[in-house]
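J.: kindly return the folded structure for what I paste below:
(one chain, ligands or ions: 1)
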Amino acid sequence: YENRDGKIWMDGALVEWRDAQVHILTHAMHYASSVFEGERCYNGKIFKSREHSARLIKSGELLDMPIPYSIDEIEAAKYAVLEANGWTDAYVRVIAWRGAGEDMGVASNKNPVRMAVAAWEWGAYYGDAKNVGAKLDIAKWKRPSPETIPTAAKAAGLYMICTMSKHAAEAKGCSDALFMDYRGYVAEATGANIFFVKDGEVHTPIPDAILNGITRQTIIQMLKDKGIIVHERVIMPEELAGFEQCWLTGTAAEVTPVGQIGDHMFKVGALTRDVAESYEKLVRS
Ligand code: PMP
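T.: Model prediction:
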């Protein structure tokens, strides 16, 4: 995958895809000093682009790793990549990290903060599940406390348990894993937020130990605009059996219906379909 044609933006300039390499002594490789964004471009426009750039800068601040670019500069880099590759519909990955430098230990202030933007064509994140409903495993790992790690940052270090949980889920024939948090509350999937429906009302976890996804916020507003009541509240795992519908939201996942979590089945109902269609319309409008 490294050796292909295309352009990637790195530290201020477009470089050949195959030349977008980093040194093995990169601080981020050893100590997870890395933050990133996942975005989607539809019809030539990146959905909520500035919000994503702002979150990247915020994630950098949370990791004591100030990103040396402004929102406008990050915006320009993303569109430069899309244009250079000739894409109007693509997934965009922006990543910032501590590079190699004088600091070889845990401290990293002497090492430059670097940034790159890559893009590629990426279809439905959960494949077929987008239509029939994803099957979720319950993760063995717990989403950590915000006193343990900055959970509001979209930081590489938080994804270690995501990769492990997703591997375990896939080994059981599931599309993804659902995390409980450190308190045992229903949290989120490995790369998406979760929503439930009961008696025509929507329930979703409070974003205090999960990523407050940009898609999540978009969907909550959309539901409110439709006159649907949304409860952001503590959700206990025992409640899963009482919900009728369930879906995941995320930039990559978009709105993906969930058909099963552990032993609990959900129907891909009218509200789920409606929200998925409305989101599709919104991102392309
Ligand atoms: N939670 C996690 C752990 C994620 O990785 C993502 C994807 N960025 C989300 C939620 C959804 O966030 P967004 O809607 O901003 O893509």
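J.: so residue 73 sits in a strand?
T.: No. Read with DSSP: H, G, I helix; E, B strand; the rest coil, residue 73 is helix and lies in no strand.
J.: so for it, what's the pLDDT?
T.: Listed pLDDT for residue 73 reads 98.
J.: and for residue 123?
T.: For residue 123, pLDDT reads 89.
J.: also residue 130?
T.: 88.
J.: that one: neighbour count?
T.: 19 (other CB atoms under 10 Å). Heads up, the C-betas are built off the backbone N, CA and C, glycines and all.
J.: what helix or strand is residue 9 on?
T.: strand 7-10 (DSSP states H and E).
J.: my guess is residue 155 contacts residue 63. True?
T.: Yes. Contact criterion CB atoms under 8 Å: residue 155 and residue 63 qualify, at 5.8 Å.
J.: more neighbours: those two, which one.
T.: residue 63 (24 against 21).
J.: tell me who's in contact with that one.
T.: 33, 35, 150, 153, 155 (CB atoms under 8 Å, 6 or more residues apart in numbering).
J.: neighbour-wise, which of these leads?
T.: Those, ranked by neighbours (other CB under 10 Å): first place residue 35, 30 neighbours.
J.: that one against residue 57, yeah?
T.: No. Applying CB under 8 Å as the test, residue 35 and residue 57 come out as separate, 9.1 Å apart.
J.: please identify every residue contacting each of those two.
T.: residue 67.
J.: circling back: partner strands of the strand holding residue 9, parallel or antiparallel?
T.: Taking DSSP bridges as the criterion, strand 7-10 sits next to strand 13-16 (antiparallel), strand 113-120 (antiparallel) in its sheet.
J.: could those strands go into CSV alongside distance to the ligand and mean neighbour count?
T.: Output for those, formatted as CSV (distance: least, CB to the nearest ligand atom, whole Å; neighbours: other CB atoms under 10 Å):
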stretch, distance to the ligand, mean neighbour count
strand 13-16, 25, 13
strand 113-120, 15, 21
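J.: tabulate those (a markdown table), appending mean pLDDT and distance to residue 213.
T.: Putting those into a markdown table (pLDDT from 0 to 100; distance: least, CB to CB, whole Å) gives the following:
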| stretch | mean pLDDT | distance to residue 213 |
| --- | --- | --- |
| strand 13-16 | 98 | 29 |
| strand 113-120 | 98 | 20 |
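J.: re the thing from before, touching the strand holding residue 9 from outside, list them.
T.: 14-17, 20, 77-78, 80-81, 84-85, 114-118.
J.: tell me the residue of the stretch 51-200 of the chain that sits nearest the ligand?
T.: Going by CB to the nearest ligand atom, the ligand is nearest to residue 191 of the stretch 51-200 of the chain, at 3.9 Å.
J.: which helix or which strand is home to that residue?
T.: Counting by DSSP H and E, residue 191 is found in no helix or strand.
J.: roughly how far apart are the closest residue to it other than its chain neighbours and residue 176?
T.: What sits nearest to residue 191 in space, not counting adjacent residues and going by CB to CB, 6 or more residues apart in numbering, is residue 250, at 5.7 Å. Distance from residue 250 to residue 176, counting by CB to CB, to the nearest Å: 10 Å.
J.: interface residues of the stretch 1-150 of the chain facing the ligand?
T.: For the stretch 1-150 of the chain, the contact set with the ligand under CB under 6 Å from any ligand atom comprises residue 38.
J.: residue of the stretch 1-150 of the chain with the smallest distance to the ligand?
T.: residue 38 (5.0 Å).
J.: for my notes, confirm that residue occurs in a strand.
T.: Yes. Checked against three-state DSSP, residue 38 lies within a strand.
J.: for it, give me the pLDDT.
T.: Residue 38 is given a pLDDT of 98.
J.: pretty sure it sits against residue 251.
T.: Yes. Contact criterion CB under 8 Å: residue 38 and residue 251 qualify, at 4.9 Å.
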